[in-house]
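**Q** no sequence for this one, just the structure:
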């Protein structure tokens, strides 16, 4: 047993060791000066999200020639490009957009038809307002005559050369209609050539929050009527039961498993499915299709926002 003096010495040494031992507490100065990871910004950064996607090498100047208010929060912008005849895009793809004075590169899906670009160099975009710098510029500073630089890219697209003889199911949520509308227009050309009017070769399910948010509704109905072998169902995502508004051909409710099953039953053989919308929407649609036995190679989607 240690004497009182010895115990005092041991205690002193122990306290001394603890006072000189590194302290594993949060160092405020270190935290304030270490590199900050802006997760929200990274999540929305188009270049980061599409780093592994296909991109064309060619950049083009594009000048705004028309601006249209499509809804309270969505602005339609039409550009004419100084395009090289060898440059084109596939329906469903997007553009990188370099805006003078804006450090962030924008990424926006093309909503217009490919043949319009081929014939006159024009493309159209429908951009929802947000505080993301490129979208904010479109809504607050863009005007007729504004010039940007664009480049086509993306791995989500309709390929007429290999897919025109297939049935197609298109599913869109919100502004996810942009690439789907482009595909619908491209599809209408092939459908008229390959499918009789009494058969269903293309079906669209389009969901939005309100009637005003169903951008392109009248145009879509025009494409459907002119094609003859397309069917379209519109959905409004209120919280009530799924009720049919026969006058407007609108279902009140979300796209559900039954709607997907009914759509698949419209076809004489399994369709190739293109989905675009918010990530949770895409996940739900993919789950429905998978449960109903659609093979994974027939389900196409792209999450990059």
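**A** That came through fine. Treat the numbers as computed from the prediction; the structure is a model and nothing was measured.
**Q** how is this structure carved up into domains?
**A** According to automatic domain parsing, the chain comprises the domains 53-153, 160-301.
**Q** what's the closest of those domains to residue 47?
**A** domain 53-153 (5.3 Å; CB to CB). Backbone N, C-alpha and C define where each C-beta goes, glycine included.
**Q** Kindly check the end-to-end length of that closest one for me.
**A** 7 Å (CA to CA, to the nearest Å).
**Q** quick one: low-confidence parts of the protein?
**A** 1-44, 83-85, 239-248, 304-305 (pLDDT under 70).
**Q** residue ranges of the helices in it, please?
**A** Taking DSSP state H to define them, one finds helices in the chain at 4-20, 28-33, 39-44, 46-49, 114-120, 133-140, 160-163, 177-194, 217-227, 257-264, 279-291.
**Q** before we move on, back to that, just send the domains of the chain back as JSON lines, with distance to residue 46 too.
**A** As requested, the domains of the chain are exported to JSON lines (distance: least, CB to CB, whole Å):
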{"stretch": "domain 53-153", "distance to residue 46": "3"}
{"stretch": "domain 160-301", "distance to residue 46": "14"}
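**Q** Specify the stretch among those that is closest to residue 45.
**A** With CB to CB, the closest approach to residue 45 among the domains of the chain belongs to domain 53-153: 7.2 Å.
**Q** What's the local residue count around the residue nearest to residue 144 when sequence neighbours are not counted?
**A** Nearest residue to residue 144, sequence neighbours excluded (CB to CB, 6 or more residues apart in numbering): residue 64, at 5.4 Å. Neighbour count for residue 64, taken as other CB atoms under 10 Å: 17.
**Q** So what pairs up with residue 64 in the strands?
**A** On the basis of DSSP bridges, residue 64 is bridged to residue 79.
**Q** so what's it up against?
**A** 77, 78, 79, 142, 143, 144, 145, 146, 147, 148 (CB atoms under 8 Å, 6 or more residues apart in numbering).
**Q** Quick one: buried ones out of those residues?
**A** Among the contacts of residue 64, the ones that count as buried by 16 or more other CB atoms under 10 Å are 77, 78, 79, 142, 146, 148.
**Q** which among those residues gets closest to residue 107?
**A** Among the buried ones among the contacts of residue 64, and counting by CB to CB, the member closest to residue 107 is residue 148, at 12.5 Å.
**Q** separation between that closest one and residue 283?
**A** Distance of residue 148 to residue 283, given as CB to CB, to the nearest Å: 32 Å.
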